[in-house]
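> sequence-free structure coming up:
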């Protein structure tokens, strides 16, 4: 079976009150349309066509999926939009039609629709709602689906129907093309409704099989900021449930945000208000303290991350202790058993095994060996205003507090830098290097006082 998918994404989204196309607003860090395309790709279709219109260039430049683009230059309804996306679709193809602002439909739900579709059957996604307001109603006769009526065109009796149209359709390509050629815009909206194909299909002797999603939120669309926020929490709740099923302890499942993918080992503990972005990996027995942002990073087994830390594309070894208030910027890599303490920032730096940078330091473009101690207030002066330069610190070196290492510079194995030094030349192994001004004590000195 050749499967082709059409995604309708041409709408402006007026209620979003935004210059950005609705389908580019983000849920869990990803555009709404990106969620739909990820799920669509998991079905391995022959092609995916995205029908765009409002701010089309912005949509194209944002979405990186391999899709075909079709333009709907005039907003004339869903039927018209689908017609614009028919190029390349053959009569025998099975076509799935879905929407770029409905991000949480499961692949299994799409597949169930594809499974019921054949030359004599159209698949239609429907659900029963306690409050069907705003949705098209499913019309049945003798239990069989015979059509869909939009709310604005429904009679008072039809408005009492609780089964609603979720909009997603599976249909053969030839049937779709024929039915679309016969619909009109004689309705309250003056638009060409995709839903009008169902009544025509029944008149042609086709049957319509209704498929129901496992959860109602699978078919929730985004038309406003409040709806987007509600779906965000629904999605994050599903993610939290999956993590706990995998053995992760969450201090509060409602205060977790995963905006990408999070791989976890056994007995991971995550405190409140933590955000994970991109692809993150946490090894066994990792503990993440409250209020941390972990982006595109790997944290190996046994490591403890204390409160209020930020990781950006960093890699931390086993049994490390990080934070509180530490920032590991891109290119930070550590070996095992290291300590990076409060208000320490690293960038493009390799920290060797059992080394410590405990307090109030900036270490950038540097390589630290094993068992190095970097004292409080130390900085590597890695930037000369035009270029970055490297600092190398050998095994067992000791850097005294409030030191400045002016790169390029090498502090050799076992060397000691005295507190308050500015190091501009290489320090030999096992030497003490100082660069302080001589202390002067002035007698009979009076501290200034304020004028009366």
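Done, it's in. No experiment lies behind these values; they were computed from the predicted model shown.
> The residue lying closest to residue 87 once chain neighbours are set aside: what secondary structure?
Closest residue in space to residue 87, ignoring its immediate chain neighbours: residue 70 at 6.6 Å, by C-beta to C-beta, 6 or more residues apart in numbering. Using the backbone N, CA and C atoms, a C-beta is placed for each residue, glycine as well. When classified by DSSP: H, G, I helix; E, B strand; the rest coil, residue 70 comes out as strand.
> give me the number of residues near residue 70?
The number of residues packed near residue 70 is 24, by other C-beta atoms under 10 Å.
> Helices of this protein, residue ranges please.
32-41, 56-62, 78-84, 107-116, 173-180, 196-203, 225-245 (DSSP state H).
> which stretches of the chain have low pLDDT?
Of all residues in the chain, none has pLDDT under 70.
> Would you mind giving the domain segments of it?
3-219, 225-433 (automatic domain parsing).
> Would you mind giving the ones you listed as TSV with distance to residue 445 added?
Below are these laid out as TSV (distance: least, C-beta to C-beta, whole Å):
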stretch	distance to residue 445
domain 3-219	60
domain 225-433	22
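> so which of those domains comes closest to residue 444?
Relative to residue 444, the nearest member of those by C-beta to C-beta is domain 225-433, separated by 26.6 Å.
> Endpoints of the closest one, how far apart?
End-to-end span of domain 225-433 (C-alpha to C-alpha, to the nearest Å): 60 Å.
> Tell me how far it lies from the chain's centre.
Distance of domain 225-433 from the chain centroid (C-alpha atoms, centre = their mean, to the nearest Å) equals 22 Å.
> Kindly report the same for stretch 127-135.
Remark: stretch 127-135 is offset 30 Å from the chain centroid, using C-alpha atoms, centre = their mean.
> Need the distance between the two termini of that stretch.
Stretch 127-135 has an end-to-end distance of 10 Å (criterion: C-alpha to C-alpha).
> So what touches that stretch?
When contacts are defined by C-beta atoms under 8 Å, 6 or more residues apart in numbering, stretch 127-135 is touched by residues 151, 161, 162, 163, 164, 165, 166, 212, 213, 216, 219.
> same thing with stretch 256-269?
With contacts defined as C-beta under 8 Å, 6+ apart, stretch 256-269 is touched by 28-30, 236, 239-240, 243, 246-251, 270, 272, 274-288, 296, 301.
> For PyMOL, write the select line for the buried members of the residues you listed.
Buried subset of the contacts of stretch 256-269, written as a PyMOL selection, criterion 16 or more other C-beta atoms under 10 Å:
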select buried, resi 28+29+236+239+240+243+248+250+270+272+274+275+276+277+280+281+282+283+285+286+287+288+296+301
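> can you tell me which of the contacts of stretch 256-269 are in strands?
Among the contacts of stretch 256-269, the ones falling in strands (DSSP state E) are 30, 249-250, 270, 274-282, 287-288.
> quick one: which of the residues you listed is nearest residue 356?
Among the ones in strands among the contacts of stretch 256-269, residue 287 lies closest to residue 356 (C-beta to C-beta), at 19.1 Å.
> Residues in a beta bridge with the closest one, which ones?
Assessed by DSSP bridges, residue 287 has beta-bridge partners residue 269, residue 304.
> could I get the helices of the chain as a markdown table with distance to residue 397?
Listed next are the helices of the chain as a markdown table, based on distance: least, C-beta to C-beta, whole Å:
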| stretch | distance to residue 397 |
| --- | --- |
| helix 32-41 | 47 |
| helix 56-62 | 47 |
| helix 78-84 | 66 |
| helix 107-116 | 54 |
| helix 173-180 | 70 |
| helix 196-203 | 75 |
| helix 225-245 | 41 |
